[in-house]
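S.K.: Mind looking at a prediction? Sequence and model below.
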Amino acid sequence: MLAVGMVVVGILHFTHTEGFEKIIPDFLPYHLPLVYGSGFLEVLAGIGLLIPSVSRFAAWLLVVLYIVVFPANLYQAVNNIEVAGLPHDPPLIWLRLPFQALLVAWAWWFTREDINEVSQDN
């Protein structure tokens with residue numbers, strides 16, 4: 001489920017760049033390359049979760065990625081930035097922030113060695 005979600009969201013970084021660019025804080029340069037780079041890493045990690053020999057690395061990549069992109073979500077909430085195609089409801093935007101912690105925990109769960117040993121044995 002996480003793998004499919006990451007691939008889908010990663011692809012959206014290439015098909016709907018404008019919305020992702022808008023939520024990158026102004027102090028960061030090169031918004032479009034950052035959108036493409038994060039999208040590429042999300043697709044790569046999503047696929048990687050499905051490959052037992054690299055699934056742990058992919059999970060760690062997602063943990064780091066979720067932490068690194070958190071400032072963009074915070075920037076969107078603080079500045080009440082509307083993104084086309086997404087519902088614009090400020091309380092929901094703020095509620096999305098704690099959800100990031102759940103995503104970190106979910107990805108971290110896949111970093112456990114016992115999880116990867118089971119998937120490699122099958």
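M.R.: It's in.
S.K.: and the longest helix along the chain, what does it pack onto?
M.R.: Longest helix in the chain, counting residues (DSSP state H): helix 55-78. Under the contact definition 3 or more Cβ pairs under 8 Å, 6 or more residues apart in numbering; DSSP states H and E, helix 55-78 sits against helix 31-49, helix 90-109, helix 113-121. C-beta here means a position set from N, CA and C on the backbone, and glycine is covered the same way.
S.K.: Report the inter-axis angle for the longest one versus helix 55-78.
M.R.: Note on geometry: by axes from the mean of the first three to the mean of the last three Cα atoms, to 10 degrees, helix 90-109 and helix 55-78 are set 170 degrees apart in direction.
S.K.: just checking, what packs against helix 90-109?
M.R.: Helices and strands touching helix 90-109, by 3+ Cβ pairs under 8 Å, 6+ apart, are helix 55-78.
S.K.: So Leu2 is in contact with Gly48, correct?
M.R.: No: contact criterion Cβ atoms under 8 Å: Leu2 and Gly48 do not qualify, at 11.1 Å.
S.K.: Show me which of those two is the more surrounded one.
M.R.: Set side by side, Leu2 and Gly48 show more neighbours around Gly48, with 23 against 17, by other Cβ atoms under 10 Å.
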